[in-house]
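A.B. asks: Let's see this in three dimensions:
(chains A and B)
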2 protein chains.
Amino acid sequence: MLAEPLTVSAPGKVILHGEHAVVHGKAALAVALNLRTFLRIRPSGNGNVFIRLPNIGASLNWEIVQLQTLLTAFSADLDESISPSTEQMDKLKEFTGIATGHPDTQSLATLAFLYLYLSISAKYGQVPGVEIVVWSELPTGAGLGSSAAYSVCLAAALLTACGAIGRPPEEGMSVARWPEEELDLINRWAFRGEQVIHGKPSGVDNSVGTWGGVLRFQSGKITSLKRVPTLRILLTNTKVSRSTKLLVAGVKDKILKFPAIMNPVLASIDAISQECESVLEALAVNPLQEHYSVLEELFDINQHHLNVIGVGHSSLDRVCRATAARGLHSKLTGAGGGGCAITLLRPDTDPLMVEAARRDLGACGFESWETNIGASGVCLHSLSSLKAEVLQAFNEI
Amino acid sequence: MLAEPLTVSAPGKVILHGEHAVVHGKAALAVALNLRTFLRIRPSGNGNVFIRLPNIGASLNWEIVQLQTLLTAFSADLDESISPSTEQMDKLKEFTGIATGHPDTQSLATLAFLYLYLSISAKYGQVPGVEIVVWSELPTGAGLGSSAAYSVCLAAALLTACGAIGRPPEEGMSVARWPEEELDLINRWAFRGEQVIHGKPSGVDNSVGTWGGVLRFQSGKITSLKRVPTLRILLTNTKVSRSTKLLVAGVKDKILKFPAIMNPVLASIDAISQECESVLEALAVNPLQEHYSVLEELFDINQHHLNVIGVGHSSLDRVCRATAARGLHSKLTGAGGGGCAITLLRPDTDPLMVEAARRDLGACGFESWETNIGASGVCLHSLSSLKAEVLQAFNEI
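C.D. replies: A predicted model of the protein is given here:
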């Protein structure tokens, strides 16, 4: 089943429009971010199970017989739609010596891996001894779906390794994708990984990581946009940390305090998502400069709306000003109150200008990446197609 | 009728909330600004008619017999609700040698004065030879209702001088007001002065100049708020000139382009005006810190909305940032695209802090005044109650 190494990757996600409004029943557009998490899986020489996560400095190693002792807790009537149980999580914490309470990133990554390894083994037959390396271009804890990209990669790799899904034929292509029903299975398992890490995830992040492109999310219903353009963006991490929970609560308080003022703002944000969806579909068919103008205008309007509902931050204002000085349009993405901002670039935006904007943002203490959105979901890479950076990350370890 | 000198003053106006939205049927709150226009009228020694306007460097002088030759054009069936006719305006332009086309500020002030002098004389009996000086704290052309304050002062002075309205008893008070029906007459004549200057004024500016306090304006209907607090503000003139007509057209275009996005924003602005009205009435009865917090929040929200509808400007953003750095809340007032901003001050805002904010604003090239809003409408001043600055302005000329 796993005769030779397999390298998969999954994208991060950004919210294009509708963050916070989605909590109040409005539409949000989540889009695949081409900062990716890469996972290489290969048979281990000694039959042990290794997993190494260089981004968070973790390296774990278990004998396969040790893991087999845990399998019974994962074998009863397994179904990929059942959430991880408290008993299962307690068992894994006991096994790994992770204290109960609020586990750190490394502990959560360990628990999600073991949960998926054991559940998939119990359901489809033991995953053999493997050596896994996961390396990501995504910063963690920045609201960019890094945990979902990790879960999606794990699900795709483990399901392939145990033969639950096939290895898609590469046929000389640099990347290959699984058929739709197999992607659906990957997505459902990835969601369980997300449940281990986040408790009650919305399912948006793992869906974006699996399907890629642009997803519309409203009242718990997730649908893919049919035609999706790839857009150049600059992603900026202000590195200002914030509590999503407190920000969400603050918005709710504002709506309760000023319903007649705030509800129309949510309605306007909803209309922005609709308008953006139409423009993206039009852009995918026939890219015109005026489409980009509208996307820029929608960014500006929504950034003001997000300030109105109270999730702005002076650091985000600084990103908007610094990029506006270069003629670029930015908005916060995700929870706000710090975190990340996205800046739209046009296909013909001068790379020198983008570099200048990045320098300005760097001078403010922010980190930024030029990348694109509307990227492909989880995929299998041929070794020759991997960027040197990824190969180096795999081999240096 | 005019045995001794008479000094009147009228306030300017600022829009607290609802600018632009009012064009689309929403409510606006216009409020009297305690930067005032002062007018002194006294019998002239030689029976001539003099008017001096030091702010705009105008000094005009006519023999009363000259003016009498024009009276016939103003005598037919005069009613203060009839608009100035083209024939009347052409006659005045011919008399003064003002070219047709777009008259400058000095020409408009001259035409408005002559129009009111002649119409009031024709209706109520010739106004005697008088010497008038008008001096204003208001900058002209900044959207602060300086022309309306001028028209209101002229109407009050000329109607009093010819005996159409009484001279309100001062009874030891520093200022006196006319009874309501006389104020109504002043307002109607002031509106005609505004028609001479602006063509099709809304009537809001002269109403604020006459009644003072806070006026609600919606779909052409103007109503006074019953209880009104006086609020300390900082008024800042960015000195960035703009075309109100183009700004209004830009908003209309945006609404047509994105109706589903923009109409909710107008609804939200409307709700801000309603909320502000409630808070002002509550504040007049029982001033609480939380009322000021709400007013500040409404300023911030509406400033974002005004940016959304496209009437912001980088100079206005600078005012907001400079004052926010001192913990103060600002919004543009009026047409936007430059022009003026108002900053709310609390009763206990430290004067040193206000001075620091003014210095910061001055460093940006802006001019600012500490004053208050919710001021009294047109009133008569006892000589002893006039500020030294006003007396100096009258006497220096």
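A.B. asks: Looking at the residue of chain A positioned farthest from its centre now. What's its pLDDT?
C.D. replies: In chain A, counting by Cα atoms, centre = their mean, A:Ala260 sits farthest out from the average C-alpha position, at 34.8 Å. If you check A:Ala260, the pLDDT there is 98.
A.B. asks: Confirm that it sits in a strand.
C.D. replies: No: the assignment for A:Ala260, made by DSSP: H, G, I helix; E, B strand; the rest coil, is helix rather than a strand.
A.B. asks: so it makes contact with B:Cys276?
C.D. replies: No: contact criterion Cβ atoms under 8 Å: A:Ala260 and B:Cys276 do not qualify, at 11.9 Å. C-beta here means a position set from N, CA and C on the backbone, and glycine is covered the same way.
A.B. asks: Please list the residues of chain A that sit near chain B.
C.D. replies: A:258, A:260-262, A:264-265, A:267-268, A:271-272, A:274-275, A:297-298, A:300-301, A:304-305, A:307-308 (Cβ under 8 Å from any Cβ of the partner chain).
A.B. asks: following the longest strand belonging to chain A, which helix or strand comes up?
C.D. replies: In chain A, with assignment by DSSP state E, the single longest strand is strand A:28-43. Sequence-wise, the next helix or strand downstream of strand A:28-43 (DSSP states H and E) is strand A:49-53.
A.B. asks: Can you spell out which helices and strands pack onto that following strand?
C.D. replies: strand A:58-62, helix A:105-124, strand A:130-136 (3 or more Cβ pairs under 8 Å, 6 or more residues apart in numbering or on different chains; DSSP states H and E).
A.B. asks: ok, it: who's next to it in the sheet?
C.D. replies: Strand pairing for strand A:49-53, using DSSP bridges, gives strand A:58-62 (antiparallel), strand A:130-136 (parallel).
A.B. asks: Out of these, which is the most enclosed?
C.D. replies: Greatest average neighbour count among these goes to strand A:130-136 (a mean of 23), per mean count of other Cβ atoms under 10 Å in any protein chain shown.
A.B. asks: what distance separates that strand from the centre of its chain?
C.D. replies: 17 Å (Cα atoms, centre = their mean, to the nearest Å).
A.B. asks: Over to stretch A:310-320?
C.D. replies: Counting by Cα atoms, centre = their mean, stretch A:310-320 is centred 22 Å from the centre of its parent chain.
A.B. asks: What count of nearby residues applies to A:Thr314?
C.D. replies: To be clear, residue A:314 is Ser; Thr isn't right here. By other Cβ atoms under 10 Å in any protein chain shown, 12 other residues sit near A:Ser314.
A.B. asks: Read off the pLDDT value for it.
C.D. replies: Looking at A:Ser314, its pLDDT is 95.
A.B. asks: what does A:Cys320 give?
C.D. replies: 97.
A.B. asks: How about A:Ala76?
C.D. replies: A:Ala76 is assigned 53 on the pLDDT scale.
A.B. asks: if we can go back for a sec, skipping adjacent residues, who's closest to the residue farthest from the centre of chain A in space?
C.D. replies: Counting by Cβ to Cβ, 6 or more residues apart in numbering or on different chains, B:Ala271 is the residue found nearest to A:Ala260 once chain neighbours are left out, at 3.7 Å.
A.B. asks: pretty sure the one you found is touching A:Val265, no?
C.D. replies: No: using Cβ under 8 Å, B:Ala271 is not in contact with A:Val265; the gap is 9.9 Å.
A.B. asks: And these two? Which one has more around it.
C.D. replies: More crowded of B:Ala271 and A:Val265, by other Cβ under 10 Å: A:Val265, with 27 against 23.
A.B. asks: how about that one, secondary structure?
C.D. replies: Counting by three-state DSSP, the backbone at A:Val265 sits in helix.
A.B. asks: quick one: contacts for it?
C.D. replies: If a contact means Cβ atoms under 8 Å, 6 or more residues apart in numbering or on different chains, then A:Val265 has A:His305, A:Val308, A:Ile309, B:Pro264, B:Val265, B:Ser268 as its contacts.
A.B. asks: And stretch A:281-291, how far out from the chain middle?
C.D. replies: 26 Å.
A.B. asks: Give me the mean pLDDT for that stretch.
C.D. replies: Stretch A:281-291 comes out with an average pLDDT of 95.
A.B. asks: Endpoints of that stretch, how far apart?
C.D. replies: 10 Å (Cα to Cα, to the nearest Å).
A.B. asks: show me what contacts A:Thr140?
C.D. replies: Residues in contact with A:Thr140 (Cβ under 8 Å, 6+ apart) are A:Asn55, A:Ile56, A:Thr105, A:Ser146, A:Ser147.
A.B. asks: what ranges do the helices span in the stretch 251-397 of chain A?
C.D. replies: A:259-285, A:289-308, A:314-324, A:351-363, A:388-396 (DSSP state H, counting those that start in this stretch).
A.B. asks: Averaged pLDDT, the fourth one. What do you get?
C.D. replies: The predicted model assigns helix A:351-363 a mean pLDDT of 97.
A.B. asks: Residue ranges of each domain in chain A, please.
C.D. replies: Here the domain parsing of chain A from automatic domain parsing is A:6-226+A:376-395, A:231-373.
A.B. asks: And the residue in the stretch 1-150 of chain A that chain B sits nearest to, how close does it get to B:Gly213?
C.D. replies: For the stretch 1-150 of chain A, the residue closest to chain B is A:His17, as judged by Cβ to the nearest Cβ, at 10.7 Å. Taking Cβ to Cβ, to the nearest Å as the measure, A:His17 falls 42 Å from B:Gly213.
A.B. asks: Of the two, which one has the most company?
C.D. replies: Taking neighbours as other Cβ under 10 Å, A:His17 and B:Gly213 compare with A:His17 leading, 30 against 23.
A.B. asks: right, so of the helices of the stretch 251-397 of chain A, which gets closest to A:Leu225?
C.D. replies: In terms of Cβ to Cβ, the element of the helices of the stretch 251-397 of chain A nearest to A:Leu225 is helix A:259-285, at 6.4 Å.
A.B. asks: Check the offset of that closest one from the chain's centre.
C.D. replies: The chain centroid and the centroid of helix A:259-285 are separated by 23 Å, computed with Cα atoms, centre = their mean.
A.B. asks: Same check on stretch A:98-109?
C.D. replies: The answer for stretch A:98-109 is 20 Å, by Cα atoms, centre = their mean.
A.B. asks: Just the C-alpha atoms of that stretch, please, in CSV.
C.D. replies: The C-alpha coordinates for stretch A:98-109 follow below in CSV (Å, rounded to 0.1, in the frame of the first residue of the first chain):
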residue,chain,number,x,y,z
ILE,A,98,-0.1,15.2,28.1
ALA,A,99,-1.7,17.0,31.0
THR,A,100,-5.4,17.7,30.9
GLY,A,101,-6.4,21.4,30.7
HIS,A,102,-5.3,23.6,27.8
PRO,A,103,-2.8,21.6,25.8
ASP,A,104,-0.1,23.6,23.8
THR,A,105,0.3,23.5,20.1
GLN,A,106,2.7,20.5,20.2
SER,A,107,0.4,18.5,22.4
LEU,A,108,-2.6,19.2,20.2
ALA,A,109,-0.6,18.2,17.1
